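*Asks:* Generate coordinates for the sequence data below:
(one chain, ligands or ions: 3)
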Amino acid sequence: MNLILMGPPGAGKGTQAVLLVKQLQIPHISTGDMFRQAMQQGTELGLKAKGYMETGQLVPDEVTIGIVKERLKQTDCQKGFLLDGFPRTVVQAEALKGLLGELNKNLDAVLNIEVDRPNLIRRMAGRLVCRQCAATYHVEYNAPKQEGVCDVCGGEVYQRADDTGATVEKRLAVYDAQTAPLIGFYQKEGLLINILGNQKVEAVLQDILQSLGI
Ligand code: AP5
Ligand code: MG
Ligand code: ZN
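*Replies:* Numbering: from 1, shown residues only. Ligands and ions are numbered 1, 2, ... in the order given. Below you'll find the model as predicted:
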């Protein structure tokens, strides 16, 4: 299956993606994770992305489209893929359409996870992420068994630099201005499926699987 997971910052895209790819056996392609990894490794891509990410702005379209293009051409995407956090602008959505056409692929569905603002802010404020494997936790809703240590790989968990105060506000504003219009875009394409995100992680997953007929 070729899928997109959409939704505002903190909606639970990454959380659901990890569970979905395990079940569907397809690669998880998160542009945010790719940028964070590049920043950690100090690569040219990381340096390009850093300033934008830390201030809650979008990395320029040409940079982001370039990395997704390379990733989708890799052989493991032949069995399908799950895009998380891409596309995020109409320009990216149009570019993806062109690229999938070139690769002879079609999208099966665009899953849009809906969560209200107060909950989004609570989820981001309490989020912890593993430095090594990008597993996601929450201080209140899903804390690691041992404080500061990843359950999956033993790595160190940390708070993302963009999960604080003003940057969270900025990311939500950027979402409203640049990403929310994609809901209409994919509705017109007949691909949009809205998912109620204000539920427990397991219930959200069940709704997604059911909507995909799995
Ligand atoms: P990215 O990393 O994609 O961040 P985002 O879209 O802001 O989304 P998040 O990762 O913050 O949230 P999520 O929906 O994955 O939620 P999660 O599962 O972690 O992008 C970061 C930055 O990179 C951007 O600002 C931009 O600069 C750049 N970038 C990335 N892609 C780009 C693109 N295409 N174009 C340009 N720039 C790009 O969950 C959140 C928290 O809630 C966690 O603590 C989790 O444990 C908890 N939680 C999850 N589900 C539930 C639930 N059901 N109940 C209770 N708690 C829950
Ligand atoms: Mg994420
Ligand atoms: Zn880990």
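
*Asks:* I'd say Thr31 and Thr64 touch.
*Replies:* Yes - in this structure, Thr31 is within contact of Thr64 by C-beta atoms under 8 Å, at 5.8 Å. For glycine as for every other residue, the C-beta is placed from the backbone atoms N, C-alpha and C.

*Asks:* Now the common contact residues for those two.
*Replies:* 86, 88 (C-beta atoms under 8 Å, 6 or more residues apart in numbering).

*Asks:* Can you list the residue ranges for strands in the protein?
*Replies:* In the chain, the strands defined using DSSP state E lie at 2-6, 28-30, 81-84, 109-114, 127-130, 136-138, 157-158, 192-196.

*Asks:* buried stuff in the last one?
*Replies:* If I follow you right, that is strand 192-196. 192-195 (16 or more other C-beta atoms under 10 Å).

*Asks:* Work out the sheet partners of that strand and label each with its direction, please.
*Replies:* Strand 192-196 pairs in its sheet with strand 109-114 (parallel), by DSSP bridges.

*Asks:* I would like the residues contacting the strand it pairs with, please.
*Replies:* Taking C-beta under 8 Å, 6+ apart as the rule, strand 109-114 contacts 1, 3-7, 11-13, 16, 183, 186, 189, 191-198, 204, 208, 211-212.

*Asks:* what do you get for stretch 153-168?
*Replies:* 9-10, 36, 53-56, 121, 124-125, 127-133, 135, 137, 144, 148-150, 171.

*Asks:* Select only the buried ones of the contacts of strand 109-114 in PyMOL?
*Replies:* Those of the contacts of strand 109-114 that count as buried under 16+ other C-beta under 10 Å are selected in PyMOL with:
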select buried, resi 3+4+5+6+7+11+12+13+16+183+186+191+192+193+194+195+197+204+208
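
*Asks:* What is the most widely separated pair among the buried residues of strand 192-196?
*Replies:* The span of the buried residues of strand 192-196, defined through C-beta to C-beta, is set by Leu192 and Ile195 at 10.2 Å.

*Asks:* contacting residues for the closest residue to ligand 2 within the chain?
*Replies:* Residue nearest to ligand 2 within the chain (C-beta to the ion): Gly14, separated by 3.2 Å. Taking C-beta under 8 Å, 6+ apart, we find Gly14 in contact with 30, 32-33, 84, 134, 136.

*Asks:* So which of those residues wins on neighbours?
*Replies:* Asp84 (24 neighbours; other C-beta atoms under 10 Å).
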